[in-house]
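*Asks:* here is a sequence with its predicted model. Questions after.
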Amino acid sequence: MLRDIKNINNIIVLKIPSKENFLIIPRLTISGLLSEYDINIEKIEDIKLILNEAASLLLTTPTNDIEIILKWEELGKNLKLIIQIISKDIDKIILNNLMKSGLRIHILNYLCDKFSIDNKENIFFINLEKVIELDELEKDSS
């Protein structure tokens, strides 16, 4: 029986300054999490790319913070990963980034199972969902 992702305790919340060089923190967190499931390096690199491209959409000035929420759930032979990136400081720079980010958005649509950008009460939310199929060898070792 599948559980509702909102009712699970598998959640990591990171708040980082809005600087590209701080993206190493959530990237390493994702790598560590996925390596616990023996997911191959190509799949891990895809997820890190997803995180990097999505977070880059909201990175503006060093005074802004972004919040990154990682949720995951084991779904039998798959792992469901949900990433939400939040920026509470809406400004013209973010809007310009989003308007000029056609390639990034195309990459995210291609690599994610679900991708959306929402703006609610001057807070931007980027929502990403990826279901990762565990390799046959990895399935046997579970």
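*Replies:* Perfect, I can see it now.
*Asks:* from Ile50, how far out is Lys114?
*Replies:* Going from Lys114 to Ile50 by CB to CB, to the nearest Å gives 11 Å. The C-beta positions use only the backbone N, C-alpha and C, and glycine is treated the same way.
*Asks:* who has more neighbours, the two?
*Replies:* Using other CB atoms under 10 Å, the more surrounded residue of Lys114 and Ile50 is Ile50, with 22 against 11.
*Asks:* ok, the more buried one to Ile68 distance?
*Replies:* From Ile50 to Ile68 the distance is 12 Å (CB to CB).
*Asks:* which neighbours do the two share?
*Replies:* Overlap of the contact sets of Ile50 and Ile68 (by CB atoms under 8 Å, 6 or more residues apart in numbering) consists of Ile83.
*Asks:* ends of stretch 82-100, what's the gap?
*Replies:* 25 Å (CA to CA, to the nearest Å).
*Asks:* no, scratch that, I was asking about stretch 56-64
*Replies:* End-to-end distance of stretch 56-64: 13 Å, with CA to CA as the criterion.
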